[in-house]
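Engineer: only the shape, not the letters, is given here:
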């Protein structure tokens, strides 16, 4: 019975992914947005929103363990996804180039890559700094903590910065 549920769940996930991808393309086309904006903003926010909102709910719930789990998830997910995606891309290029199915050179726009990596490094460093400050202040006295609203404002600012960064 578990196998049937697993196969059914995979079919539902694939159907949802297809609907989401088509929906994002239609919204982007309806708004007159370029493919870069659609992929970088709409699709990225849509796919990252669930994994970001759940830790935020954990943080705002007021449970001490929720704070640690939420902060760890918010900081760990983008770093893991970025490194895992780059590893998978590199491995795919190496394997397919050795099989003779593609060139070993990866075609990319260096300006876009530098822009995206620059944004990621600045915002990730800012998030790490706020987290380190919160942990330092918490360790020093226990009563002094970075307020949850400030952390939520940082998240909103980061998302707004991403949108402004891509729109330019």
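Structural biologist: Cool, got the structure. This one's a predicted model, so the numbers in the text were calculated from it and none came from an experiment. Numbering: from 1, shown residues only.
Engineer: so what does the top helix by length along the chain touch, helix or strand wise?
Structural biologist: Longest helix of the chain, by residue count under DSSP state H: helix 64-98. Applying 3 or more CB pairs under 8 Å, 6 or more residues apart in numbering; DSSP states H and E, one finds that helix 64-98 contacts helix 44-60, helix 110-141. C-beta: built from backbone N, CA, C; applies to glycine.
Engineer: what is the mean pLDDT for that helix?
Structural biologist: For helix 64-98, the mean pLDDT works out to 79.
Engineer: contacts for stretch 89-96, please.
Structural biologist: Stretch 89-96 is contacted from outside by 102, 104, 106, using CB atoms under 8 Å, 6 or more residues apart in numbering.
Engineer: and the last one, helix, strand or coil?
Structural biologist: Each residue gets one of three states, and residue 106 gets coil by DSSP: H, G, I helix; E, B strand; the rest coil.
Engineer: do you know the pLDDT at it?
Structural biologist: 80.
Engineer: what is the burial count for it?
Structural biologist: Neighbour count for residue 106, taken as other CB atoms under 10 Å: 11.
Engineer: please name the nearest non-neighbouring residue to it.
Structural biologist: residue 93 (5.5 Å; CB to CB, 6 or more residues apart in numbering).
Engineer: any low-confidence regions in this protein?
Structural biologist: 59, 62-64, 66-67, 71, 134-152, 155, 162, 165-168 (pLDDT under 70).
Engineer: circling back to that earlier point, between the contacts of stretch 89-96, which is nearest residue 52?
Structural biologist: Using CB to CB, the shortest approach to residue 52 within those belongs to residue 106, at 28.8 Å.
Engineer: re the thing from before, neighbours of the residue nearest to residue 106, how many?
Structural biologist: So residue 93, with other CB under 10 Å, has 15 neighbours.
Engineer: what does residue 72 give?
Structural biologist: 13.
Engineer: again, but for residue 44
Structural biologist: Burial of residue 44 is recorded as 15 neighbouring residues (other CB under 10 Å).
Engineer: do residue 121 as well
Structural biologist: So residue 121, with other CB under 10 Å, has 10 neighbours.
Engineer: could you do residue 42 as well?
Structural biologist: So residue 42, with other CB under 10 Å, has 17 neighbours.
Engineer: and if you look at residue 24?
Structural biologist: By other CB under 10 Å, the residues close to residue 24 number 20.
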